[in-house]
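Chemist: my questions concern the predicted model and sequence given below.
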Amino acid sequence: MSTTVVEAAELEKSYLVDKSTVASWLLTTDHKRIAILYLGSITFFFFIGGIAAAAVRLNLLVPEGLIPSAETYNRLFTTHGVIMVWFFLVPAVPVSLGNFVVPLMLGARDLAFPKLNLISWYLFIIGGIIELYALFIGGVDTGWTFYPPMSTSFNQSHVVLAVIGVFVSGFSSIATGLNFIVTIHRLRAPGMTWYKMPIFLWSLYSTSVILVLATPVLAITLLLLGFERIFRIGVFDPAIGGDPILFQHMFWFYSHPAVYIMILPGFGVISEIIPVFCRRRLFGYKFVAWCSVSIAVISFFVWGHHMFVSGQSLYASVVFSLLSYAVAVPSAIKVFNWIGTMHKGFIRFDAPMLYALGFVGLFTIGGLTGLFVAALAADVHLTQTYFVVAHFHYVMVGGMVTAFFGGLHYWWPKITGRMYPEMWGRAAALIIFIGFNVTFAPQFLLGYLGMPRRYHSYPPDFQVLNVLSSAGATILAAGYLLPLGYLTWSLFRGERAPANPWGATGLEWQTPSPPPAKNFATTPVVTEPPYTFPPPELVQNRV
Amino acid sequence: MSDTYAPHEFQYSSAEHQAGTALAGMWLFLATEVLFFGGLFLTWIYARSQNLAGFDAGARETELWIGTLNTGILLTSSFVYSTGLAFARVGNNRRLMQCCFAAIGLGLAFLALKFGLEWSGDFDKHLWPVGPDFKFAGEPTEGGARLFYVFYFIGTGLHGVHMVGGIVLVAMIAWRARRREFSPLYVTPVEVVGMYWSFVDIIWIILYPLIYLIGRS
Ligand SMILES: [Cu+2]
């Protein structure tokens, strides 16, 4: 393989100021600029979904519900689910942080297919606009799962438009996943063998496998659903011999692996942060790498655990339950590896590390409560209650959103060339951690006591815990608004960032912050495995 | 290998590197298509297993001769295109262009037979599964036959959309062949489009028995 030398003049300009017209942003094929476009878009959707969540928590302050109509309440929580799942959680880390750092980490100059990358952003935006339009003209009340016959025969809301929005944005997921897989196979710098790749790349590779293989199944399922909704006749319609449970199988064949689309990139971010802020090699590198891959594979065979009470065969349920336990094993191995990395490390509590520590704790709770609902008998009691809501919010919000913020702070100097204000960063991390637990820990109790999810009102006995949860949500909201403020401030007033502010080892830190348009002056040659930090006793205290 | 003989995009180290990456991308794209149509075929076969009589009754109404003729047309089209690829590999852009035109012609013939003749006949025979004037309305096989025709129209419609996409791609190859862009050292776009065009056949090869053959006798 030959190395390409970029012109020295071209090098001096960072990607941010390389060209400055609006068209140079909207028609860019630079993975770093596309990452910025995506970062703005998903932030927007995060706050839209957040506003819907705030309305839900507001309604549940009083037992009879503050929002007069149950119908409106249904539309609000559906908005929250649809937006958060497909327009924030699924794309979040891959399209923003991943898009930015994957080529840099590989020592490549861009993704394999830069134009496809831009197309994927436009598909995302088109899907997003359709979705917002559907919500604006009245919304959907089916829940984010679109179960028929509820979604096809028994409601008046804008199911077809909402489904089209998700369908279109699905192709943006496929494009991104395809680009990452091909890039990681084909564009590694000389010397960058698979076992020299940072774990973030292994995680995104596994994520992309799911994106590429599961999303098409969602696409065909939604297409069949859309046909049935439009013509009132279709393959999920029991009146003509169709099968509504078939929809659930197809839907969860995508949507359970999608849970790992949402969490695997988080695992990757945490595996980058912890070694850097402990000055230690990642403990059990190969185990962590292969655990990502095995999670991706096993995740395709557990979907039936969403259907334990749907009337599916008991034997199927037993197998699905067993496999669901199996998928917990590689996840647990990772948690132990992170803790092993920290053991006897020289730990610095910068904001990214605070987020990482929060992640490990919250994800562990989310994962362990997942075992409760994977158990057949326990699930009969817990299914469709707030216990499930709390469980997946611990994984999705406590896990994924925390990891996203951790990664955002960690790579912020690289992306923008500016340091974020450290004190504010730490404060926000703590506020988010506290707010999150106050919001969602009470929901475990509510669910255990039998409060069903998706109800507009509840018996007065549950009010104390619900008020606690809503109060926590305000703390959480404040925690999420803080970074919006101080990160924006840092864009203009933040301290200039050096190339490698954290003393990290990845290739992305060996090029200036922000990187030049073509990433590297000369193609890097990799000789060392990742995370080669000196032993902690040799590290001087730099704080 | 050297990167002196053919241009390549800046993110690759050589033209060969770029060519191999393009092929890898298309293979992976086809994998997503397999899962997309795979979902359709799975639901189709499952629904059939639950409604055997209705599906068989529906299948008997299909136009076997059009389906069979179309199968031949589509396979021939792929063969012709592959011949064009062989010409491209020896640098004969003119023959490649002619092969593309022939492949496009056969593709259009397929679409004309399928949607011009067959679909319109189906509508005339009241086989559109929506509404009360469906051919099997009131019969015991009504539900299954309706399901069969839901799958029939969705399956052939989706395949048709892929055909149209393929024809556009082949036309682009023809245009580039006209400008003599291909050489023995640069045939990757011809190969990539060829993979897609053959894949469209493979989908049809599964659709053909599902629609016309199974349960016909
Ligand atoms: Cu699941």
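Modeler: On my side now, so go ahead.
Chemist: my guess is B:R89 meets B:P184, correct?
Modeler: Yes. Between B:R89 and B:P184 there is a contact under Cβ atoms under 8 Å: 6.0 Å. No exception for glycine: its C-beta is placed from N, CA and C like everyone else's.
Chemist: so which of the two has more stuff around it?
Modeler: Comparing B:R89 with B:P184 by other Cβ atoms under 10 Å in any protein chain shown, the one with more neighbours is B:R89, at 16 against 10.
Chemist: per-residue confidence at the more buried one?
Modeler: Reported pLDDT at B:R89 in the predicted model: 95.
Chemist: tell me if I'm right that B:A19 and B:V190 touch.
Modeler: No. Using Cβ under 8 Å, B:A19 makes no contact with B:V190, being 11.0 Å away.
Chemist: neighbour count winner among the two?
Modeler: Set side by side, B:A19 and B:V190 show more neighbours around B:V190, with 25 against 20, by other Cβ under 10 Å.
Chemist: helix or strand for that one, which one?
Modeler: Using DSSP states H and E, the element containing B:V190 is helix B:188-208.
Chemist: what's that helix packed up against?
Modeler: Where contact means 3 or more Cβ pairs under 8 Å, 6 or more residues apart in numbering or on different chains; DSSP states H and E, helix B:188-208 is packed against helix B:15-50, helix B:64-89, helix B:142-178.
Chemist: could you pull out the helices for the stretch 101-250 of chain A?
Modeler: A:114-136, A:150-153, A:159-186, A:199-231, A:244-278 (DSSP state H, counting those that start in this stretch).
Chemist: closest one to A:P257 among the helices and strands packed on helix B:188-208?
Modeler: helix B:15-50 (11.3 Å; Cβ to Cβ).
Chemist: following element in sequence after that closest one, please.
Modeler: Using DSSP H and E, the first helix or strand after helix B:15-50 is helix B:52-60.
Chemist: list the buried residues of that next one.
Modeler: By 16 or more other Cβ atoms under 10 Å in any protein chain shown, the buried positions in helix B:52-60 come out as B:54-59.
Chemist: which elements pack onto it?
Modeler: Against helix B:52-60 (3+ Cβ pairs under 8 Å, 6+ apart) you get helix B:142-178.
Chemist: which elements pack onto the helix it packs on?
Modeler: helix A:199-231, helix B:15-50, helix B:52-60, helix B:64-89, helix B:93-111, helix B:188-208.
Chemist: before we move on, the earlier item: ok now the helix holding B:V190, how far from the chain's centre?
Modeler: 6 Å (Cα atoms, centre = their mean, to the nearest Å).
Chemist: if we go by neighbour counts, what in that helix is buried?
Modeler: B:188-194, B:196-201, B:203-204, B:206-208.
Chemist: show me what from the stretch 151-300 of chain A comes close to chain B.
Modeler: Residues of the stretch 151-300 of chain A lying close to chain B (Cβ under 8 Å from any Cβ of the partner chain) are A:174, A:178, A:181-182, A:185-187, A:212-217, A:219-221, A:223-224, A:227, A:231-235, A:239-243, A:246, A:250.
Chemist: list only buried entries from these.
Modeler: Buried members of those, scored by 16+ other Cβ under 10 Å, are A:174, A:178, A:181-182, A:185-187, A:212-217, A:219-221, A:223-224, A:227, A:231, A:233-235, A:240-243, A:246, A:250.
Chemist: A:W25 and A:R33 touch, don't they?
Modeler: Yes. A:W25 lies in contact with A:R33 (Cβ under 8 Å); the separation is 6.0 Å.
Chemist: residue 66 - nearest residue in space that isn't next to it in sequence?
Modeler: As the question left the chain open, I've gone with chain A. Of all residues not flanking A:L66 in the chain, A:N59 sits nearest, at 4.9 Å (Cβ to Cβ, 6 or more residues apart in numbering or on different chains).
Chemist: right idea, wrong chain: chain B
Modeler: Closest to B:I66 by Cβ to Cβ, 6+ apart is B:E118, at 4.7 Å.
Chemist: if I pick the one you found, what's in contact with it?
Modeler: Neighbour list for B:E118: B:63, B:66-67 [criterion: Cβ atoms under 8 Å, 6 or more residues apart in numbering or on different chains].
Chemist: which of those sits closest to chain A?
Modeler: B:G67 (21.4 Å; Cβ to the nearest Cβ).
Chemist: what's the burial count for A:P460?
Modeler: So A:P460, with other Cβ under 10 Å, has 10 neighbours.
Chemist: quick one: the strands in the stretch 1-150 of chain A, in order.
Modeler: In the stretch 1-150 of chain A, no segments count as strands under DSSP state E, counting those that start in this stretch.
Chemist: got any ranges where it has weak pLDDT?
Modeler: For the stretch 1-150 of chain A, the stretches flagged by pLDDT under 70 are A:1-12.
Chemist: re the thing from before, please report the distance of the residue nearest to B:I66 from A:L224.
Modeler: The gap separating B:E118 from A:L224 is 22 Å, by Cβ to Cβ, to the nearest Å.
Chemist: same question, A:L218
Modeler: On the measure of Cβ to Cβ, A:L218 and A:L224 end up 11 Å apart.
Chemist: let me see the backbone angles for A:M197.
Modeler: In terms of degrees, to the nearest 10, the main-chain angles of A:M197 are phi -80, psi 140.
Chemist: count of neighbours near the closest residue to chain B within the stretch 351-500 of chain A?
Modeler: Using Cβ to the nearest Cβ, the single residue of the stretch 351-500 of chain A nearest to chain B is A:K414, 19.3 Å away. A:K414 has 26 neighbours, counted by other Cβ under 10 Å.
Chemist: just B:F10 next, same as before
Modeler: 11.
Chemist: one more: A:Y195?
Modeler: A:Y195 has 11 nearby residues by other Cβ under 10 Å.
Chemist: do the same with the one 10 residues further on
Modeler: Using other Cβ under 10 Å, A:Y205 has 24 neighbouring residues.
Chemist: surely it is in contact with A:I184?
Modeler: Yes. Counting by Cβ under 8 Å, A:I184 is a contact partner of A:Y205 at 5.2 Å.
Chemist: which neighbours do the two have in common?
Modeler: Between them, A:Y205 and A:I184 share no contacting residue, judged by Cβ under 8 Å, 6+ apart.
Chemist: how about A:F405, what does it touch?
Modeler: Shown in contact with A:F405 (Cβ under 8 Å, 6+ apart): A:355, A:428-429, A:432, A:483.
Chemist: kindly reformat these as TSV containing pLDDT.
Modeler: Below are the contacts of A:F405 laid out as TSV (pLDDT from 0 to 100):
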residue	pLDDT
A:Y355	97
A:A428	97
A:A429	97
A:I432	97
A:P483	96
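Chemist: let's have the residues you listed in CSV, adding secondary structure.
Modeler: As requested, those are exported to CSV (DSSP: H, G, I helix; E, B strand; the rest coil):
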residue, secondary structure
A:Y355, helix
A:A428, helix
A:A429, helix
A:I432, helix
A:P483, helix
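Chemist: can you redo those as a markdown table with neighbour count and distance to chain B?
Modeler: As requested, the contacts of A:F405 are exported to a markdown table (neighbours: other Cβ atoms under 10 Å in any protein chain shown; distance: Cβ to the nearest Cβ, whole Å):
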| residue | neighbour count | distance to chain B |
| --- | --- | --- |
| A:Y355 | 29 | 32 |
| A:A428 | 27 | 36 |
| A:A429 | 27 | 36 |
| A:I432 | 26 | 36 |
| A:P483 | 22 | 32 |
